[in-house]
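> Predicted structure and sequence below. I'll ask about it afterward.
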Amino acid sequence: MQHDTRPRIRRGRSLALLLGACALAGVVLAGLLSPVVLGAGLLSNQVNGSVDDAASGVDTSQITSTDMPLVTTVLDRNGGLLAQLFDQYRLPVTYQQISRPMDAAIIAIEDRRFFQDAGVDPRAVLRAALNNSSGGSTQGASTITQQYVKNYLINVVDRQNPAAQQQDRADTFSRKVKEAELALQIGQSVPKEDILTGYLNVVEFSGNVYGVGAAAKAYFGTTSDKLTIPQSALLAGMVNNPNLYNPYTHPGQALQRRNTVIDAMVQSGSLAADAGNTAKSAPLGVVPNGPVVPGSTCMSAAPDAGFFCNYVVTYLKQSGLSSDEISTGGYTIKTTMDPAASQTIKDAVDKNVPTTQDGVANTFSLIQPGQTGHQVLAMVSNRNFGTDATQGERSTNIVADPSNVFGAGSSFKIFTTAAALEAGTVGFTSALPNPGSDCFTPPVTNRYTRCYPVANDGTSYPNPISLQDALATSPNVAFVGLESRTGMPAVVQMAERLGLRHTLAANDAGGTPITDPADPQSKDPQYNEPMSRYFQGLLSFTLGDSPVSTLEMSNVSATILSDGVWCPPNPILSVTDRDGKPVQVDQEPCQQVVSPGLAHTLAAGLSADTTKGTSAAAAARAGWHHPDIGKTGTTNESESVAFVGGVDHYAAASFVFADGSHPQEVCPGTPVHLGNCGHGAFGGTVAAPPYFDAMNQILAGQPDVPVPGPDPAYLTEGDHGQIVPFVIGQAGPAAAQALQQAGYPSTQQMIGSLSPRGTVVGQSPQGNVGAGTPITIFTSAGPPPAN
């Protein structure tokens, strides 16, 4: 917790003191310099006028209202350190946490009259006036209080304003007077111990180290209360010129400066002569290869935590905190990350695809389902979060973002099935037409439209085929036919409802839709439209050939396992500020996006994949025996394969895909690799094994929970009940009107969101809901104000 050293301002009195001090110094110095030519009264009047003019522009609130940048700490759910985020590495300390040798050293070398002066040395101000009037430059002799003011302006108030920082450093009379006035105000308002503490907390050392707390740790591997005489003297000497007296780059100058400080301590009476000689004989004593400063971003997190940490930062920014607030606010962020599960999954994906394997990524996300929240437990990849691509690092979040541009394959058949069950197009016991091949008419046609040809793979499928067997064995023809009968709007909306919010807002290249008219791609629907609109007319959607987020697909599984309740994938347990006070983190409320009965029926349909479906062989090899839901996916060219599934209290997604500049089909083997193997990988053979490997360990000793059976209301096709209109994306009044016309009263709840103010960003309940049921529509309060 930071010790507040900022003053309560009393400007009038401090200005009077400054004027008086300068006048007195003017009289004395004038008599010494030119008693005949320059009258003391005239000089005093000139100084007074200059001081008044210079001090009139001082904004004292800058010091009182601007907090020092501190380190934000990111923790896992058990309190273990994940990362430290900062702009300036500073560990604030109280006066009691500073060693007395450190006090003595800084006072001896910087301001021996610190405990006697009023915060300013009038002789130095006068010297500035004389030099200013003669065209010269000012000289030193600033007090510690003045240096505190100067450093606070440079390192805190104006740290993002180079032009203002240049003025703060300017060797001019006006700057010196403004600094002096603030110093006098602080000298009257703040105890000396607090001024000294504030100075030692704000001052810069080299290597992005600020304050004595961080310096003690970075240079000596100790704490500020344990600093010895030689250590204190070295640090006190550095503040005058951190680069010149850097003990690593200029050890000779640093040693000489340290000994100068020790001599000053002896001369000031704070250190005995023999003790000073002993201290000067000591080596510099800094830690080798230092200073030891932790990384300042999520790229310094452990390999199993980098992508998770990056998602935490993104999540907080979407909740209203700016990047600068996060890196300077001194927050403590306790996350939902399970360190044991994360390491287990990291080991599993690294075994499946080594970190440096050329051109192949394996991403994995694990979420804890629930009706009041979906906590993210792990977000890992065989890739690590970083900038060195030669070492398998990736600088974008390939777990959270729709970075798998090749898609999740047949796992998208989950959305077609859910939409068809809700609409009554199919029931759990229904049989689906399933010829070996067929050609389907697209939803949007013109005179040049051709039918969309689809064929099953070489596997011999029954025709017709039951819904559960179709989900387990994944014939393409059956599902494209079901998608065509259900309607593309319902299928795409179902994908968004179950969890693909961020994914479907991206374009078909996985990025933000391009709207700049100067960009040629802005005229191409593949780039200028969100996928939620782009795929309204494309029957290939159910085959999963679009960019997708691993995190969001695991959240789809979590929605199914939460009785149809969608919640945002949340990485935050708590956030506290620098004073230990809780910080509210806004998030979209959980929503009932499909009925519990539909969710149970869908889960039952997905429960056979690991026993008799496309992942059954891999499950058997892994000794898998837990009841679960699952769906594999493989794209046409095997450039991406997927497994989406989970058990009662864990929802997961594992993707393996080509992520290099020359994508080819993913080939099975040890290790998984790219090539023209002619028998590319499948979701069950390559993406599912890390799931079985990791989850077998995570579930060890835990009781199995059976998958719910199908709801009787969804056993057969037909009327499964009225469907609430989908109004997300509409303006609030229009959404309320649409619901009212369909027989649903609504209430509006404003929530924090990056969407334009007044836009509906959520609704609950959704799906098969009887007319007359009240619907809550969640409307955006608009993006937070820019910081």
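Right, received. Where do you want to start?

> On the strand side of things, show who residue 362 bridges to.
Beta-bridge partners recorded for residue 362 (DSSP bridges): residue 656.

> Nearest the geometric middle of the chain, what residue?
In the chain, the centroid-proximal residue (CA atoms, centre = their mean) is residue 313; its distance is 1.1 Å.

> List the buried residues for the helix or strand hosting that residue?
Using DSSP states H and E, residue 313 sits within helix 306-318. By neighbour count on 16 or more other CB atoms under 10 Å, the buried set for helix 306-318 is 306-316, 318. All C-beta spots, glycine's among them, are computed from the backbone N, C-alpha and C.

> and which of those is nearest residue 643?
Residue 643 lies nearest to residue 307 out of the buried residues of helix 306-318, by CB to CB, at 18.6 Å.

> I'd assumed residue 399 was in contact with that closest one.
Yes. Using CB atoms under 8 Å, residue 307 makes contact with residue 399 at a distance of 4.5 Å.

> re earlier: residue contacts, the residue nearest to the centre of the chain?
85, 298, 323, 326 (CB atoms under 8 Å, 6 or more residues apart in numbering).

> pretty sure residue 642 is in a strand, no?
Yes. Using DSSP: H, G, I helix; E, B strand; the rest coil, the assignment for residue 642 is a strand.

> which residues pair with it across the strands?
Going by DSSP bridges, residue 642 is paired in beta bridges with residue 633, residue 655.

> thinking again about what came up before, where does the residue nearest to the centre of the chain land on pLDDT?
For residue 313, the pLDDT comes out at 98.

> same question, residue 66
pLDDT for residue 66: 88.

> how many other residues sit next to the residue lying closest to it once chain neighbours are set aside?
Closest residue in space to residue 66, ignoring its immediate chain neighbours: residue 157 at 5.0 Å, by CB to CB, 6 or more residues apart in numbering. Residues near residue 157, counting by other CB atoms under 10 Å, number 20.

> Show the contacting residues for residue 157.
62-63, 66, 164.

> related to what we said a few turns ago, going by distance to residue 353, which of the buried residues of helix 306-318 wins?
Of all the buried residues of helix 306-318, residue 353 sits closest to residue 307, with 15.2 Å by CB to CB.

> distance of residue 391 from residue 657?
As for residue 391, its distance to residue 657 is 19 Å (criterion: CB to CB, to the nearest Å).

> who has more neighbours, the two?
Between residue 391 and residue 657, counting by other CB under 10 Å, residue 657 is the more crowded of the two (30 against 11).

> dump the residue contacts of the more buried one.
Residues in contact with residue 657 (CB under 8 Å, 6+ apart) are 360-361, 363, 404, 406, 639-641, 666.

> Give me the pLDDT value at it.
Model confidence at residue 657, given as pLDDT, is 96.

> wait, doesn't residue 468 sit right on residue 428?
Yes. Using CB under 8 Å, residue 468 is in contact with residue 428, at 7.1 Å.

> Helices along the stretch 401-550 of the chain, start to end?
All helices of the stretch 401-550 of the chain, identified by DSSP state H, counting those that start in this stretch, fall at 413-423, 467-473, 476-486, 488-498, 501-505, 525-528, 531-534, 550-561.

> picking that back up, would TSV of the contacts of residue 313 with neighbour count and pLDDT be doable?
Below are the contacts of residue 313 laid out as TSV (neighbours: other CB atoms under 10 Å; pLDDT from 0 to 100):
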residue	neighbour count	pLDDT
85	26	98
298	24	98
323	14	95
326	20	97
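
> between the residues you listed, which is nearest residue 336?
residue 298 (15.6 Å).

> I'd guessed that closest one sits against residue 309; true?
Yes. The pair residue 298 / residue 309 is scored as a contact, 3.6 Å apart, by CB under 8 Å.

> shared neighbours of these two, which are they?
74, 83, 385.

> Check the buried residues of helix 306-318 against residue 110 and report the nearest one.
Within the buried residues of helix 306-318, the smallest distance to residue 110 is 38.3 Å, found for residue 313 (CB to CB).

> so after the helix or strand of the chain with the lowest mean pLDDT, what's the next helix or strand?
Sorting the helices and strands of the chain by mean pLDDT, DSSP states H and E puts helix 40-55 at the bottom, at a mean of 38. Next along the chain after helix 40-55, taking DSSP H and E as the criterion, comes helix 61-65.

> Now do the buried residues in that next one.
Using 16+ other CB under 10 Å as the test for burial, helix 61-65 gives 62-63.

> what's the very next helix or strand once past that helix packed up against?
Once the chain leaves helix 61-65, the next helix or strand it forms, by DSSP H and E, is strand 72-75. Applying 3 or more CB pairs under 8 Å, 6 or more residues apart in numbering; DSSP states H and E, one finds that strand 72-75 contacts strand 81-85, helix 323-328, strand 332-335.

> Any chance of a markdown table for the ones you listed, columns distance to residue 91?
Listed next are these as a markdown table, based on distance: least, CB to CB, whole Å:
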| stretch | distance to residue 91 |
| --- | --- |
| strand 81-85 | 10 |
| helix 323-328 | 14 |
| strand 332-335 | 13 |
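
> Any stretches of the protein with poor pLDDT?
Flagging of the chain using pLDDT under 70 yields the residue ranges 1-60, 122-141, 785-787.

> just the helices in the stretch 251-400 of the chain please.
Taking DSSP H, counting those that start in this stretch, the helices of the stretch 251-400 of the chain run over residues 251-268, 273-280, 306-318, 323-328, 339-352.

> Any idea which of these gets closest to residue 529?
Across the helices of the stretch 251-400 of the chain, residue 529 has its closest neighbour in helix 306-318 (22.3 Å, CB to CB).

> got the angle for that closest one vs helix 550-561?
80 degrees (axes from the mean of the first three to the mean of the last three CA atoms, to 10 degrees).

> switch to numbering from 568
Fine by me, first position is 568 from now on; the one you just mentioned is helix 873-885.

> would you put the C-alpha positions of helix 873-885 in CSV?
Extracted as CSV, the C-alpha positions of helix 873-885 are listed here (Å, rounded to 0.1, in the frame of the first residue of the first chain):
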residue,chain,number,x,y,z
GLY,A,873,1.1,-16.3,-21.1
PHE,A,874,-2.0,-16.5,-23.2
PHE,A,875,-4.2,-16.6,-20.1
CYS,A,876,-2.5,-13.4,-18.8
ASN,A,877,-3.0,-11.7,-22.1
TYR,A,878,-6.7,-12.6,-22.1
VAL,A,879,-7.0,-11.2,-18.6
VAL,A,880,-5.6,-7.8,-19.8
THR,A,881,-8.0,-7.9,-22.8
TYR,A,882,-10.9,-8.7,-20.5
LEU,A,883,-10.2,-5.8,-18.2
LYS,A,884,-9.8,-3.4,-21.1
GLN,A,885,-13.2,-4.5,-22.4
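
> Burial check on residue 1279, number of neighbours?
Number of residues near residue 1279 (other CB under 10 Å) recorded here: 10.

> The one 3 residues further on too?
Burial of residue 1282, expressed as a neighbour count using other CB under 10 Å, amounts to 13.

> about what we covered before: just name the most buried of the helices of the stretch 968-1117 of the chain.
Of the helices of the stretch 968-1117 of the chain, the one with the most neighbours on average (mean count of other CB atoms under 10 Å) is helix 1117-1128, at a mean of 30.

> Compute the inter-axis angle for that one and helix 980-990.
30 degrees.

> check contacts around residue 1019.
Listed by CB under 8 Å, 6+ apart, the contact set of residue 1019 reads 1006-1009, 1047, 1106-1107.

> and of the residues you listed, the nearest to residue 1055?
Checking the contacts of residue 1019 against residue 1055 by CB to CB gives residue 1106 as the nearest, at 7.3 Å.
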